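[1] Sequence and predicted model, in that order:
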Amino acid sequence: MSERLADGVGVARAEHFESVAQQREAATLGIWAWLITELLLFSALFLVALITRIQHPEATVAAAKHLKFWIGATNTVVLICSSLTMSMAIEFSRMGWQRAMVRAMLATAALGGLFLVLKGYEYYADWDEHMMPFLSNRPFALAETPAARLFVNLYYVATLLHALHLFTGIALLLGMTWMAAKAGFLARHQNWIEVYGLYWHFIDLVWILAFPILYVVNR
Amino acid sequence: MSASGSIGGTARREPHTPESTIGRKPDYLHAESTLRSWFLTTDHKRIALLYLASITGFFVIGAVAAGVVRLALIVPNGAIMTNDTYNKAFTIHGVVMVWFFLIPSIPATFGNFLIPLMIGAKDLAFPKLNLTSWYVFMAGALFTLVSVVLGGVDTGWTFYAPLSTAFSNTWVLPALIGVTIVGFSSILTGLNFVVTIHTMRAPGMTWFKLPIFVWAHYATSLIFLLATPVITTALILLIAERAFHIGVFDPAYGGDPVLFQHLFWFYSHPAVYIMVLPGMGVISEIVPAFAQKKLFGYRFVAYASIGLASVTFFVWGHHMFVNGQSDLASLVFSALSFAVAVPSAVKVYNWTATIHKGALRLDTPMLYAMGYIGLFVLGGLTGLYLATLAINQHIHATYFVVAHFHYIMVGGTVLAFLGGLHFWWPKFTGRMYSEPWGRVSALLIFLGFNVTFFPQFILGYLGMPRRYATYPAEFQLLNVLSSAGATILAAGYLFPMLYLVYSLWFGRKAPANPWNAKGLEWETSSPPPTHNFLSPPEVPRIPYDYPIQAQESRDQHG
Ligand code: HEM
Ligand SMILES: [Cu+2]
């Protein structure tokens, strides 16, 4: 297999691989395996949230109605756009358009940042509405129903875990953008962009699962 | 320092240097000898040794805690230590042994060292990730041990909520965080193995030429990947509940404690196969080598590994028969637990059939392997007692359970670990150990183990509950017997630590293949060079190409 995709684009073979093809295959399989474990990490939470809904429909719906649907929906759109810019970055990297790639990566990071800002605002609104059952100094708005409390708690754990992933993702992306802006990067590490792109799409996917499960179902 | 790797230096230090190694490139041990070259190494073989040293350390800590527990139980009235100390001792024993010894033991040491050699690769697919996972492991384990230094934990290794989240006044949080971190190291190791086995096999090394050791690690890695994330979620929820009152398990917050048990055992039952499958892989290498006979039913053993890894995800409910789960659920989990016995039995039959009419040599690794088979059978059969609903009512949470899982985990995993350590020691270190001492220790461990744990079956059957510091006086005799056995066992563990370390300096130089074994790892020198093979290894015609080949025709369609 050719090691070059376009002028100045390619992958340098690491010493322990026999060929670049083998190296690429390993990287792709590796990231997919990692994403499966990440999906399982979240799916345990989502499963518990769904079971809570089935067992206590009224209490969960009452709690879910307090979630800021429009912020969640906007954030969904924001993340889908970021996946688009990430895909563009990958496409540019394949063509060897380094400047365009770097810009697309920066746009992706910016959209990720926007998501976090909106999420932060949402948490603030939750606080304002006394929707933080774990705070001892602010009595919980739905205190009479323990199941509502359970559901809201799950919401926090799931969204915080997602936000943590997004935060790490942005940090990694910025670090990689810094390296990718240097001359010669694409000739040696083009597949890093591809592999990273899968991770970014995954963060997006988790949100796309979380949004209906937490905000929308039974509304 | 660098000169020590040179030819002249080696020859001067080693009066026994075999002719064939003179003039050879330095092996992976001597390639570089700075501290930095060890702690920043990306060589899978060196990383394996880093793990070996660390898990040996954790084993010693866990063993000391076990000694404390057995000491306390010599008297029925708890006069030797307070209940509090007792609870902390058995907790730290369980936490350290399960999370920091048994789970990483064989995969992280032998798996790391041998998988690339056995498939004819230069290294694992992600060498830097491999080193990272060792650091993650150490960070997590040391974090947990901080809680011991601060004053200990008393929840048991299972961290059941709400004891762990609301009622315990001990250092649960650092312990939980440490265990959570260690989970990531398992995931990374499993991921590295899966990718390596898929993509790095030497040309001609097809799936059905892979040694069973590799199959077993493939199956184990799938469990690492598919089960560990779930325990991570459960532990994150525990941490959130204990630290921030984000409640999911505590009924006071609307939570459900049984939910924790579901999440916990969804991982922890498969985790017992993380412990046994690699051990089965080790035994499947040792037995044919010391019978000089082809492994009986190679394909069945390979399939049984994957079979075990699959069924093991569907039996977690057998830990909750008496915890208020529905009768139907209990019935299903009971039936499925019986199904686990089938692939386990397949393996035992195949080992015994391999031994049958083989040219048997009872060297140290083989003694361990035979001990393993016996103890594993007893552990597995008593598992069926536990999986029987009516019997479980009687023996649940008694010493019967303690005996059962020690037969599996110590009798199984630890014996396989020691067997493998002796088997591959010449390959790891380039030195032979003392054979007579090896045999003495193997026998001592087998004896000590049975004296320690067999009485516990009886104790449990008679009704002695687990996890209490005091017990009715009529149980004293059997408890004293058990504690006496533990002393023999301790001696049995001490010997290998001494003569193996001794062999590092004074042992005879090992040839490339001291056991006349098959498998690519024996084709390279002992110890191997940095990238494993000086010339690409030749993949054998069939796996386990031993001189005695009975049953081969039957295997072809097996
Ligand atoms: C034939 C296979 C096996 C069956 C049918 C089986 C069945 C069972 C059952 C029903 C229990 C629950 C006992 C109770 O709490 O009432 C149990 C406990 C346990 N088993 Fe097994 N088991 C098998 C193999 C294994 C293996 C291979 C291991 C470890 C490597 C293992 C480790 C454990 C542990 C650690 C516990 C105790 C858990 C605790 O309560 O702390 N088992 N087993
Ligand atoms: Cu189990």
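    Cool, got the structure. Ligands and ions are numbered 1, 2, ... in the order given.
[2] Measure how buried the residue in chain A positioned nearest to ligand 1 is and give me the count.
    Among the residues of chain A, A:A44 lies closest to ligand 1, at 20.3 Å counting by Cβ to the nearest ligand atom. For the C-beta atoms, the positions are set from N, CA and C on the backbone; glycine is no exception. Other residues within reach of A:A44 by the criterion other Cβ atoms under 10 Å in any protein chain shown amount to 22.
[3] In what element of secondary structure is it found?
    In this structure, A:A44 is located in helix A:20-55 according to DSSP states H and E.
[4] quick one: the next helix or strand after that helix to helix A:20-55, angle?
    For helix A:20-55, the succeeding helix or strand toward the C-terminus, using DSSP H and E, is helix A:57-66. With axes from the mean of the first three to the mean of the last three Cα atoms, to 10 degrees as the basis, helix A:57-66 and helix A:20-55 are set at 120 degrees to each other.
[5] Just name whatever secondary elements helix A:57-66 is in contact with.
    Under the contact criterion of 3 or more Cβ pairs under 8 Å, 6 or more residues apart in numbering or on different chains; DSSP states H and E, helix A:57-66 touches helix A:20-55, helix A:146-180.
[6] Measure how far the last one is from the centre of its chain, please.
    Meaning helix A:146-180. Per Cα atoms, centre = their mean, to the nearest Å, the displacement of helix A:146-180 from the mean C-alpha position of its chain is 7 Å.
[7] model confidence over that helix, on average?
    On average, the pLDDT along helix A:146-180 is 93.
[8] and it, what other elements does it pack with?
    Under the contact criterion of 3+ Cβ pairs under 8 Å, 6+ apart, helix A:146-180 touches helix A:20-55, helix A:57-66, helix A:98-128, helix A:185-210, helix B:212-244.
[9] same question, the longest one
    Under the contact criterion of 3+ Cβ pairs under 8 Å, 6+ apart, the helices and strands touching helix A:20-55 comprise helix A:57-66, helix A:146-180, helix A:185-210, helix B:172-199, helix B:212-244.
[10] With mean neighbour count and distance to A:H16 as added columns, please give those in CSV.
    CSV is the format used below for the helices and strands packed on helix A:20-55 (neighbours: other Cβ atoms under 10 Å in any protein chain shown; distance: least, Cβ to Cβ, whole Å):
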stretch, mean neighbour count, distance to A:H16
helix A:57-66, 18, 50
helix A:146-180, 19, 22
helix A:185-210, 20, 16
helix B:172-199, 24, 10
helix B:212-244, 25, 18
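[11] Quick one: closest of the ones you listed to B:P162.
    When those are ranked by distance to B:P162, counting by Cβ to Cβ, first place goes to helix B:212-244 at 8.2 Å.
[12] helices or strands next to the closest one in the packing?
    In this structure, helix B:212-244 packs against helix A:20-55, helix A:146-180, helix B:112-119, helix B:172-199, helix B:257-291, helix B:298-311, with contacts taken as 3+ Cβ pairs under 8 Å, 6+ apart.
[13] Out of these, which gets nearest to A:N191?
    Each of the helices and strands packed on helix B:212-244 was scored for nearness to A:N191 using Cβ to Cβ, and the closest is helix A:20-55 (5.6 Å).
[14] Kindly provide the whole-number mean pLDDT of the closest one.
    Over the span of helix A:20-55, the pLDDT mean works out to 93.
[15] No more questions from me, cheers.
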